[in-house]
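> generate coordinates for the sequence data below:
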Amino acid sequence: MTSLSAAKHTHRFLFSAALSCLLLPTESWSQSAAPSQTLDPIVVQPAAQPQRARRAATGNAARAARARPQRNVATTTAAPVAAPTGPAFAAPTLNLTGTAPTGSRLGLTRLQTPASIDVISAQTMSERGQQNIVDAVTQNAIGITASPSLGNGGLAFNARGFTGSSSVMTIYDGTQLYVGQGTATFPYDTWSAERIEVLRGPASVLYGSGAIGGAINVVSKLPTWIPFNQAEISLDTNMTKRIAVDSGGAINDNVAYRITATGNLSDGWVDNGNNSNVSVHAAIQVKQNENVTWTFLSDYADVQPQRYWGTPVVNRGILEATRFNNYNASDGIVHYKDNLNQIRTEWQVADGITVRNALYYMDVHRHWRNIESYAFNPATGLVNRSSNTEIYQAQQQVGDRVDATFRGHLFGMTNEFLAGFDVNHIKFGRDANFLSSASTGTSTVSLLNPVQGNYFSLTPTVVDYRSITNQYAFFAENKLSITEQLSLIAGVRQDETNVTRTDFFVPANSLDKSFSNTTWRVGAIYTPIKDLALYAQYSTAVDPVTSGLLALNAANANFTLATGRQIEVGVKQSLLGGRAEWTLAGYEIVKNNLLARDPNNLNVVLQVGQQSSRGVEASVGVLLDYGWRIDANTAFLEAKYDDFLQASGVNFAGNVPVNVPLNVSNIWATWAFAPNWSANAGIQIVGKTWADAANTLTRPAYNVVNAGVQWKPDVNTTVSLRVYNLFDEIYATGGGTNSWILGMPRTAQLAVNVKF
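Numbers count the residues shown, from 1 in each chain. As a prediction, this is how the structure comes out:
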């Protein structure tokens with residue numbers, strides 16, 4: 001493959017943006033507030049306060065008040081000391097009063113934000129044994145499901161009736177990692193995550209195109225100023241060996257670090273399903289002075305997932321006898337390599353004025369070489385295999401994001417205003433073997449006892465195309481507190497994008513296309529009593545009409561981005577001194593400018609299609625006596641195509657979009673039933689989904705139960721026994737009319753976690 005070179009010489013405006021990182025020290029978007037607690041409840045000795053913090057506390061009061069928030073950003077609970085003598089319980093799922101930067105860059109709490117936001121803490125993920133992003137999001141967030149496959153990188157989510165990485169965005173530390181050809185493979189493991197924040201509904205005003213259904217923000221762990229070390233090992237019945245380490249502490253009064261690393265090696269749960277992955281996250285924080293903080297972060301991941309592309313559908317379902325069969329070639333390849341480096345800084349300019357910046361560079365390489373498609377042939381009783389596919393992809397993305405926050409008064413009312421810009425330069429390229437009309441090859445194997453054989457292709461892998469995408473955006477947010485009970489919140493974003501594609505296979509399909517889009521939102525929050533918020537919001541969004549802007553081709557170059565709008569109303573409340581909370585939201589989303597056929601000429605594609613969804617979402621969490629905690633959420637929606645004419649002349653109007661369940665629920669119960677012992681169990685309830693846009697075949701509804709028990713023989717050690725898919729449900733999470741992607745069977749895991 002002709003790989004893409006790193007972006008060494010970008011445009012002048014990018015150089016200026018990068019230079020601003022050095023001239024205007026700032027910090028992360030998504031780390032503007034202290035991270036949620038990730039460890040068991042402990043007591044931290046006051047003497048551990050950094051020396052510089054003590055000096056600030058005894059100096060000028062205003063300066064100390066300004067310095068305190070930026071110091072706390074990197075402070076995480078550390079090595080355990082004596083157990084607390086008073087009541088000490090943790091309810092990591094009860095966090096309505098905590099900040100959620102994914103919903104606003106103004107540092108608002110979930111109660112103060114007129115939108116639906118879930119926060120999944122590291123403690124919650126650890127307690128429930130959720131070791132990958134998909135499990136953590138779908139088993140905790142309200143109404144979110146996933147359709148992971150090797151073709152979409154394993155990170156394809158469904159939210160509020162909209163599906164895939166072009167409509168539900170995955171971001172990391174507030175940075176959108178743009179997706180080429182529908183594949184996002186990073187982040188993968190939850191070990192390095194401080195928390196995951198899920199914004200449901202349009203997020204384009206914050207993050208640009210590709211988020212009409214929502215945005216999932218993985219927030220990484222920051223350095224800790226108190227010495228902390230942790231290690232965990234585990235083994236499960238799929239012979240998955242896992243080791244993870246986490247270490248942090250202060251190097252001196254002004255420098256602290258954090259390093260996390262994980263490694264997994266597994267036989268997998270299908271035949272020839274061996275897989276492995278390694279990920280490392282490193283962070284260093286430097287306090288230049290009381291007002292300036294620098295954070296340097298580097299992430300690396302090397303993932304070789306289970307090479308399983310699905311199980312053939314037989315008689316509109318899956319035969320139990322084929323559950324563990326692998327129909328891919330025995331020497332198939334799926335390999336993802338990701339590297340992301342960031343410099344994030346924060347400068348407290350003066351009372352009420354903060355400037356923040358994030359400079360980043362991402363380098364991604366992916367390789368697929370597999371037999372990907374399987375269809376059962378009733379006439380022969382065999383499985384026809386096709387799509388012998390090889391793809392190389394490479395992507396480099398460099399960008400910079402800066403904003404300034406001003407807190408003061410407007411016409412005598414408290415006002416918070418933020419403005420900034422976002423700029424990036426992306427090189428993307430693909431080589432493939434399926435570019436001509438010739439078949440790449442077919443084969444047949446037994447349904448019950450497939451002999452996988454080796455990969456082969458009748459067509460060579462050649463250079464396909466290269467694209468360069470330049471984007472810049474200006475954005476602003478404002479919160480005006482009209483009274484102590486009523487606030488108005490608004491935001492606007494202007495995106496300018498240019499895509500240049502050089503097509504090597506068909507040079508005539510090269511293109512140069514520009515897009516200009518404005519998205520905005522406006523909302524109101526009313527708090528008649530403390531910790532009770534009623535809200536309403538109107539927001540707009542844009543989505544690519546294809547699998548992503550980086551892969552824009554000549555066939556779609558003349559179309560604009562799809563546009564959407566949402567109306568949402570809701571109520572949130574934290575009560576009983578934080579021991580309980582509940583939320584309720586209703587919404588309607590309409591997405592326009594889908595590609596559909598001209599009713600007067602079916603050979604012509606027009607941008608006239610429409611899709612809509614409306615629904616209700618609710619959640620409740622309560623900390624009860626006798627060591628019980630209950631968390632539950634549910635979502636009901638009506639999603640449909642309003643206008644979607646096909647080449648055959650059939651209009652799919654009224655049909656439910658693919659991969660969209662109309663009801664989703666999660667229920668978790670945790671019980672500390674004895675000193676140093678606790679147990680939990682959760683059920684994920686997912687309604688049926690359609691496997692095709694014509695709505696001819698449904699994938700059945702399913703209920704998956706996970707359970708576990710934890711024992712703490714001492715304050716530093718936790719032993720966990722977990723069982724995933726306790727009742728061994730056979731269920732499908734994705735796929736079309738010929739084959740489905742099945743979920744993991746019943747799997748038991750034993751893990752030991754030690755802090756030292």
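
> hang on, Ala432 packs against Thr459?
No. Counting by Cβ atoms under 8 Å, Ala432 stays clear of Thr459, with 9.3 Å between them. C-beta coordinates here come from the backbone N, C-alpha and C atoms, glycine included.

> quick one: which of those two has more around it?
Ala432 (21 against 17; other Cβ atoms under 10 Å).

> can you name the next helix or strand after the helix or strand harbouring Ala585?
In this structure, Ala585 sits in strand 580-598 according to DSSP states H and E. Helices and strands here follow DSSP H and E; after strand 580-598, the next one along the chain is strand 601-623.

> quick one on the thing from earlier: so for the strand holding Ala585, mean pLDDT?
Mean pLDDT, computed over strand 580-598, is 92.

> list the buried ones in the longest strand along the chain?
Counting residues, the longest strand found in the chain (DSSP state E) is strand 382-410. For strand 382-410, burial by neighbour count (16 or more other Cβ atoms under 10 Å) applies to 382-405, 407.

> wouldn't Ala321 be in contact with Leu448 here?
Yes. Counting by Cβ under 8 Å, Ala321 does reach Leu448; the two are 5.7 Å apart.

> relative to Ser613, how far out is Asp642?
As judged by Cβ to Cβ, to the nearest Å, Asp642 and Ser613 stand 10 Å apart.

> if we can go back for a sec, next one: the strand holding Ala585 to chain centre, how far?
Between the centre of strand 580-598 and the centre of its chain there are 19 Å (Cα atoms, centre = their mean, to the nearest Å).

> could you check the angle strand 601-623 makes with that strand?
Here strand 580-598 points in a direction 180 degrees away from that of strand 601-623 (axes from the mean of the first three to the mean of the last three Cα atoms, to 10 degrees).

> tell me what strand 580-598 is packed against?
For strand 580-598, the contact count by 3 or more Cβ pairs under 8 Å, 6 or more residues apart in numbering; DSSP states H and E identifies strand 116-121, strand 562-575, strand 601-623, strand 628-643 as packing neighbours.

> return the most buried member of those.
strand 116-121 (a mean of 26; mean count of other Cβ atoms under 10 Å).

> give me the angle between the next helix or strand after the longest strand of the chain and strand 382-410.
Later in the chain than strand 382-410, the nearest helix or strand by DSSP H and E is strand 413-432. If you take the same axes, to 10 degrees, strand 413-432 sits at 150 degrees to strand 382-410.

> flag every buried residue along strand 413-432.
Buried residues in strand 413-432, defined by neighbour count with 16+ other Cβ under 10 Å: 415-418, 420-432.

> gap between it and the chain center?
17 Å.

> same for that strand, what does it pack against?
helix 12-23, strand 382-410, strand 462-481.

> switch the cut-off to 6 Å
strand 382-410, strand 462-481 (3 or more Cβ pairs under 6 Å, 6 or more residues apart in numbering; DSSP states H and E).

> can you tell me the strand partners of it and which way each runs?
Strand 413-432 sits in its sheet next to strand 382-410 (antiparallel), strand 462-481 (antiparallel), going by DSSP bridges.

> buried ones in the shortest one?
Right, strand 462-481. Applying 16+ other Cβ under 10 Å to strand 462-481 flags 463-473, 475-481 as buried.

> mean confidence for that strand?
On average, strand 462-481 scores 97.

> swap in the first one?
Per-residue pLDDT values over strand 382-410 give a mean of 97.

> chain center to that strand: distance?
That offset, for strand 382-410, works out to 11 Å (Cα atoms, centre = their mean).

> Leu550 belongs to a helix?
Yes. Counting by DSSP: H, G, I helix; E, B strand; the rest coil, Leu550 falls inside a helix.

> hang on, isn't it packed against Gly180?
Yes. Applying Cβ atoms under 6 Å as the test, Leu550 and Gly180 come out as touching, 4.0 Å apart.

> where do the contact lists of the two overlap?
Shared contacts of Leu550 and Gly180 (Cβ atoms under 6 Å, 6 or more residues apart in numbering): Phe428.

> and the strands in the stretch 601-750 of the chain?
601-623, 628-643, 663-674, 677-686, 689-690, 698-699, 702-714, 717-724, 732-735, 739-742, 747-755 (DSSP state E, counting those that start in this stretch).

> so where is the stretch 601-750 of the chain shaky, pLDDT-wise?
Scanning the stretch 601-750 of the chain for pLDDT under 70 picks out the ranges 602.

> now the stretch 51-200 of the chain
51-90.

> do a quick rundown of the helices in it.
51-58, 61-72, 122-127, 133-138 (DSSP state H, counting those that start in this stretch).

> cool, the stretch 251-400 of the chain as well?
Under DSSP H, counting those that start in this stretch, the stretch 251-400 of the chain gives no helices.
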